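Need a 3D model of the sequence below.
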Amino acid sequence: MTAKAKVKLEAYPATGRRKCAVARVRLLPGKGKIEVNGKDLDNYFGRQVLRTIVRQPLKMTENEGKYDVIVNVDGGGTTGQAGAIR
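Numbering: from 1, shown residues only. Model prediction:
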C-alpha cells in the first residue's frame, strides 16, 4: 500500500430532530460547502435567518470553512428543518 492509500477520510455522522423534521448530517473535511438535499444552502433556504441558524454551530466552534456539510432532511417546515440541521 502506498502512503496515499492509508489516508482515511474522516466523516462525522449525526442526526438532528426538531418538531417533525429529521436531519441526517455528515461533516467531511473540506472548504465549507453546505449542501441540503442536493442543493446549495443558499438555494434551499430562502430566508437569511434560516441560513444563519444552520451555520451557527460551525461559527461558534470556529470551524467555518474547515468542513463540508452534507445534509438529508425530511419532514416539518423550513424552520423545523433548519433547527434539525443545527
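
Return the residues in contact with the residue nearest the centre of the chain.
Centroid check for the chain by CA atoms, centre = their mean gives Val69 as the closest residue, at 3.6 Å. Under the criterion of CB atoms under 8 Å, 6 or more residues apart in numbering, the neighbours of Val69 are 25-28, 33-35, 58. Yep, even glycine has a C-beta here, placed from its N, CA and C like the rest.

Quick one: mark the members of the residues you listed that sit in strands.
Among the contacts of Val69, the residues falling in strands (DSSP state E) are 25-28, 34-35.

Now do the strands in the chain.
Going by DSSP E, the chain shows strands at 12-18, 21-29, 34-36, 39-40, 67-74.

So in this structure, which helix runs the longest?
Secondary structure of the chain per DSSP state H: the longest helix is helix 48-60.

circling back: list just the nearest of the ones in strands among the contacts of Val69 to Gly46.
Ile34 (14.8 Å; CB to CB).

any idea what sits nearest that closest one, other than its immediate chain neighbours?
Leu41 (4.0 Å; CB to CB, 6 or more residues apart in numbering).

check contacts around the spatially closest residue to Ala14 that is not a sequence neighbour.
Nearest non-adjacent residue to Ala14, counting by CB to CB, 6+ apart: Val25, 4.7 Å away. Neighbouring residues of Val25 by CB under 8 Å, 6+ apart: 13-16, 69-71, 85.
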